[in-house]
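Chemist: here you go, sequence then predicted model.
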Amino acid sequence: MSKEKLTVVYHDDYLNWLLGPGDGSHPTNPIRAKLATEMLVAQLRDDVEVIAPFSDSTVDADLGILKETHSEDYVVEVLEGISNQWNGTKPIMGETAFKMFRGTIRAVEKILSGVSKVAFNPQGAKHHAKTSSASGFCVFNDMAYAAKAFKNAGLRPLYLDWDIHAGDGVAHMLRGSGVPCISIHNGSTYPNDSWLQNSGTGELHHPAELNYNFNLRRGASDDEFKEAIDGARVIIDAYKPDVILLAAGADGHFGSSNLVELAKFTADGFTYAANMVAEMATKHADGRVLIGGAGGYQPLKETPETWALVVSTIYNQVRKGLVQNG
Ligand SMILES: [Zn+2]
C-alpha cells in the first residue's frame, strides 16, 4: 500500500452548481469541494492524485451507467436542466449533477483497478436522490451505483453514512440488494423517513434487510457520535466487508451555518469516526474505502476542513495499518 496514492476526483466544473440565488450564498456552495481538494493536496502532497470526473471517451459509457441507476425519463429531464432542486431550466446544472456522479464512477474505477485503496469525491454521496426524483440537494445517487458496481465485481460492499440527515435514498435504492446500509443521523428532522428515523433517539435496525440506523437527538455531542460509531463498528466487524463506502457528511459539525445546528460534533468526533473506518478497512477490506462528501453547510471553512481531516486520517491510517500487516 505504501505506494498507492489517495485519489481525489475534482474539477472546477463542479463549481457550476449554484443553487438558490446563484451567487454562492446557498449552503451547498461547491467551493467547499475546491477548498477540501486544495487542503488535501497541501497536507499529503505527492501522495494525492487529483483526477477529473470526466473525459470525452467515457461519456457514452457513463451515461449508460446513469440510466441503469435512475429511470431514463428522469435522467433525460435533468440533463435538459429540469429538476426540483433549482428554479427554471438550467442545463448546466443538469450537466454538473452528471459530472458529480461521474466523479464517483472514476473513483470506483481507481479502487477496482487497484490503483488506489482510498478515493474521495467531494461532490459525491448524493444520498437523498431516489430512482426517479431529486431530494435534499441530491440529484443522482452515486453511492447506490457504486455499491452495485462493487457487488457486480465480486466484492462485499458495505455503506456507512454519518451525514446528520438519514441516508434515505441509498437505503431505499439498495433495499433488497444484500448490501448493508448503516446510517447515523438526527432522528427527527429531514428526510423524516419512518423506516430509518424514530422521531427521537436510539437504534432502529432491520437486520433481516441489513439496514441499521442510529438516531441521535438534536444537539448531540461527540460522545453520542462516538457511541454510534462504536455500534457501527460492531456491525461492520461482524459483516467483514471487502470495500467500505462512506458518506462523510460534515453537517453534524458545531457552529453557525445556513442550516439549523442539529449536532455539535467537533474534529475529535470526526477523527474517532475516521479511525474506526480505517481500522475496519484495514482489517477486512485490504484498505479499500470510497468516500463521498455528502452534506456540509459551512462551505468556506468547517466543511472542507472536516472532509480533509476525515479523508487524510483514513488514508494515513489505512496505509499505516496495511504496512504493519505486511
Ligand atoms: Zn445532510
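Modeler: Structure received.
Chemist: up against the ion, what does this protein have?
Modeler: By C-beta under 5 Å from the ion, the residues of the chain that approach the ion are D163, H165, G249, D251, G295. (C-beta placed from N, C-alpha, C; glycine too.)
Chemist: repeat the analysis, applying 6 Å as the threshold.
Modeler: Taking C-beta under 6 Å from the ion as the criterion, the chain approaches the ion at residues D163, I164, H165, G249, D251, G295.
Chemist: pLDDT at the residue nearest to the second one when sequence neighbours are not counted, what is it?
Modeler: Computed as C-beta to C-beta, 6 or more residues apart in numbering, the closest residue to I164 that is not its neighbour in sequence is G252, at 4.0 Å. With respect to pLDDT, G252 has a value of 96.
Chemist: make 862 the starting number, not 1.
Modeler: Taking 862 as the first residue, the last one we looked at is G1113.
Chemist: that older thread, for the residues of the chain next to the ion, which one is nearest the ion?
Modeler: G1156 (2.8 Å; C-beta to the ion).
Chemist: which SS class is the closest one?
Modeler: Classification of G1156 by DSSP: H, G, I helix; E, B strand; the rest coil places it in coil.
Chemist: ok, now which ones touch it?
Modeler: Applying C-beta atoms under 8 Å, 6 or more residues apart in numbering to G1156 gives the contacts T889, G997, F998, D1024, I1025, H1026, G1110, A1111, D1112.
Chemist: filter those residues to the buried ones?
Modeler: T889, G997, F998, D1024, I1025, H1026, G1110, A1111, D1112 (16 or more other C-beta atoms under 10 Å).
Chemist: which members of these are positioned in helices?
Modeler: Assigned to helices by DSSP state H, none of the buried ones among the contacts of G1156 qualify.
Chemist: who touches F1086 in this structure?
Modeler: W1023, I1045, L1077, G1113, A1124, F1126, G1130, Y1133, A1134.
Chemist: can you put these in JSON lines and add neighbour count and secondary structure?
Modeler: Shown next, in JSON lines, are the contacts of F1086 (neighbours: other C-beta atoms under 10 Å; DSSP: H, G, I helix; E, B strand; the rest coil):
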{"residue": "W1023", "neighbour count": "31", "secondary structure": "coil"}
{"residue": "I1045", "neighbour count": "29", "secondary structure": "strand"}
{"residue": "L1077", "neighbour count": "25", "secondary structure": "strand"}
{"residue": "G1113", "neighbour count": "28", "secondary structure": "coil"}
{"residue": "A1124", "neighbour count": "23", "secondary structure": "strand"}
{"residue": "F1126", "neighbour count": "25", "secondary structure": "strand"}
{"residue": "G1130", "neighbour count": "25", "secondary structure": "helix"}
{"residue": "Y1133", "neighbour count": "16", "secondary structure": "helix"}
{"residue": "A1134", "neighbour count": "27", "secondary structure": "helix"}
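Chemist: wait, which of these is closest to L901?
Modeler: Nearest to L901 among the contacts of F1086: A1134, at 17.5 Å, using C-beta to C-beta.
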